[in-house]
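# Pasting the sequence and the predicted coordinates here, then a few questions.
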Amino acid sequence: MKNLVIVSFPAKDGMLDNLKETLKSALPETRSFEGCISVDTYVEESSNTVHLIEDWETLDHQSKYLNWRVETGLLDVLEPLLEGGASGLKATICGEPHHDI
């Protein structure tokens, strides 16, 4: 991994399948965005949460991607599906690995 980002999408009750379908449609664009190395998806059924494990060439690439997603309205589409709306989405920006620990 070059730059790890973990994004968690907590679905409202009864909305997990809708969230998974929405992400299934959106993730091909994510994976082809400049600087994206990979995006892996994990579903935590017990909490109705989809986790994306993303690897980016640089955190600047990921920031540009996030701005593009906001500008193109993906958060508006996700809003009714997420527990707490778009503000319920959690992104953990880990950055580069530390090999000296």
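Perfect, I can see it now.

# on contacts alone, who are the packing partners of the longest helix along the chain?
In the chain, assigned by DSSP state H, the helix with the most residues is helix 16-32. Here helix 16-32 touches strand 36-44, strand 49-56, helix 74-78, going by 3 or more Cβ pairs under 8 Å, 6 or more residues apart in numbering; DSSP states H and E. In this view, the C-beta of every residue, glycine as well, is placed from N, C-alpha and C.

# Take these and lay them out in JSON lines including distance to Gln62 and mean neighbour count.
Shown next, in JSON lines, are the helices and strands packed on helix 16-32 (distance: least, Cβ to Cβ, whole Å; neighbours: other Cβ atoms under 10 Å):
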{"stretch": "strand 36-44", "distance to Gln62": "8", "mean neighbour count": "14"}
{"stretch": "strand 49-56", "distance to Gln62": "4", "mean neighbour count": "19"}
{"stretch": "helix 74-78", "distance to Gln62": "15", "mean neighbour count": "16"}
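
# closest one to Thr92 among these?
strand 49-56 (9.8 Å; Cβ to Cβ).

# quick one: average pLDDT of that closest one?
Strand 49-56 carries an average pLDDT of 98.

# Please apply the same query to stretch 24-44.
For stretch 24-44, mean pLDDT is 98.

# Also stretch 74-81?
96.

# what sits against Asp76?
Ala86 (Cβ atoms under 8 Å, 6 or more residues apart in numbering).

# ugh, wrong one, Leu81
Leu81 sits in contact with 9, 11-12, 15, 18-19, 22, where contact means Cβ under 8 Å, 6+ apart.
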